[in-house]
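Colleague: Sequence isn't available, so here's the structure alone:
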């Protein structure tokens, strides 16, 4: 038997600056646990004290155990923006893949010729993928994993070194073993959909993605899954291609139902609901994560709807979706 914790508040009319996201994300998300812990109760102010549970080892972050990783990664999501960069700075020599990718995006904005494009491509070939429309995307990992992995896709949880690979696998090597094996998800993992919307002159576009991420510890019963939206606005560059630009993001009438299978009650899937009436992120650049909460076990079904717009792409149809293995 497991105890379900529900922390749910819906903000009816709410406009925030991303320096307040720590409070907002925890209030607007649903944070779940299989057993009674203080996970998810780490506030923005107390995150500093959690650093003793995170150290730098061989260029990657090492979380002391699965519990620390689960709770701290939840707060990292809420620190999107300058607060996240400040937290990273507490680990000299470490840069998250998110920060690296952002810096590469900034450099890409300066590319203004075929020669500089080729030089850029050669320089960052191992770190980013340049798509057919000349826009940039991650070489490995996910929007969530980019918050805590390094330039090699590495993160360590306890004694388990995990590596996000360029072929979309996650490998795991415990206790310094050279042997690795792919982590196989029970149902699905990764990006579930990508919808792209353009403004009237096709010079701005908005990407709306739905993702599912999970990290399996040494004990699979510690597994935690997370559904989230990733939203990015891009502008058309003078010299071809697309690049992320600063904008205001708006989220309205999000209503989602999720099903998770728990290892503690395998014959009884658990139903979760996430609702968000209204939320605004001002002056944001990059990929914004709308977190729907960490849940015990693994996800099997998700369906719902929501409205995602931006200052540059203000007219977008409501998104409706359904994924899973039936039911």
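Modeller: Done, it's in. All figures in this text were calculated on a predicted structure; none of them were measured in a lab. Numbering: from 1, shown residues only.

Colleague: is it true that residue 249 touches residue 281?
Modeller: Yes - contact criterion Cβ atoms under 8 Å: residue 249 and residue 281 qualify, at 4.5 Å. (C-beta placed from N, C-alpha, C; glycine too.)

Colleague: So what's the predicted local confidence for residue 266?
Modeller: With respect to pLDDT, residue 266 scores 71.

Colleague: The strand or helix carrying it pairs with which strands, and in what direction?
Modeller: Element membership for residue 266, per DSSP states H and E: strand 265-284. According to DSSP bridges, strand 265-284 forms sheet pairs with strand 15-17 (parallel), strand 247-262 (antiparallel).

Colleague: Tell me which residues of that strand come out buried.
Modeller: 269, 270, 272, 274, 275, 276, 278, 279, 280, 281, 284 (16 or more other Cβ atoms under 10 Å).

Colleague: And for stretch 193-204?
Modeller: Under 16+ other Cβ under 10 Å, the buried positions of stretch 193-204 are 197, 199, 204.

Colleague: Throw those residues into TSV and include secondary structure and distance to residue 76, thanks.
Modeller: Below are the buried residues of stretch 193-204 laid out as TSV (DSSP: H, G, I helix; E, B strand; the rest coil; distance: Cβ to Cβ, whole Å):
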residue	secondary structure	distance to residue 76
197	strand	28
199	coil	31
204	strand	28
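
Colleague: Tabulate those (TSV), appending distance to residue 151 and pLDDT.
Modeller: As requested, these are exported to TSV (distance: Cβ to Cβ, whole Å; pLDDT from 0 to 100):
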residue	distance to residue 151	pLDDT
197	31	97
199	34	96
204	30	96
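
Colleague: of the residues you listed, closest to residue 210?
Modeller: residue 197 (14.6 Å; Cβ to Cβ).

Colleague: quick one, what contacts that closest one?
Modeller: For residue 197, the contact set (Cβ atoms under 8 Å, 6 or more residues apart in numbering) comprises 205, 206, 208, 313, 316, 317.

Colleague: tell me the SS of residue 112?
Modeller: State at residue 112, reduced to three classes by DSSP: H, G, I helix; E, B strand; the rest coil: coil.

Colleague: Is it correct that it is in contact with residue 239?
Modeller: Yes - between residue 112 and residue 239 there is a contact under Cβ under 8 Å: 4.7 Å.

Colleague: what's the offset of the helix or strand following the strand holding residue 266 from the middle of its chain?
Modeller: Later in the chain than strand 265-284, the nearest helix or strand by DSSP H and E is strand 287-296. Its chain's C-alpha centre and that of strand 287-296 lie 7 Å apart, by Cα atoms, centre = their mean, to the nearest Å.

Colleague: Check which helices and strands strand 287-296 sits against.
Modeller: Here strand 287-296 touches helix 66-78, strand 224-236, strand 247-262, strand 265-284, going by 3 or more Cβ pairs under 8 Å, 6 or more residues apart in numbering; DSSP states H and E.

Colleague: quick check: angle from the first one to strand 224-236?
Modeller: What that stands for is helix 66-78. Here helix 66-78 runs at 30 degrees with respect to strand 224-236, directions being taken by axes from the mean of the first three to the mean of the last three Cα atoms, to 10 degrees.

Colleague: Identify the residues contacting the helix or strand hosting residue 117?
Modeller: For residue 117, the host element (DSSP H and E) is helix 114-123. When contacts are defined by Cβ under 8 Å, 6+ apart, helix 114-123 is touched by residues 107, 108, 110, 111, 130, 134, 239, 240.

Colleague: ok, now with 7 Å
Modeller: For helix 114-123, contacts defined as Cβ atoms under 7 Å, 6 or more residues apart in numbering pick out 108, 111, 130.
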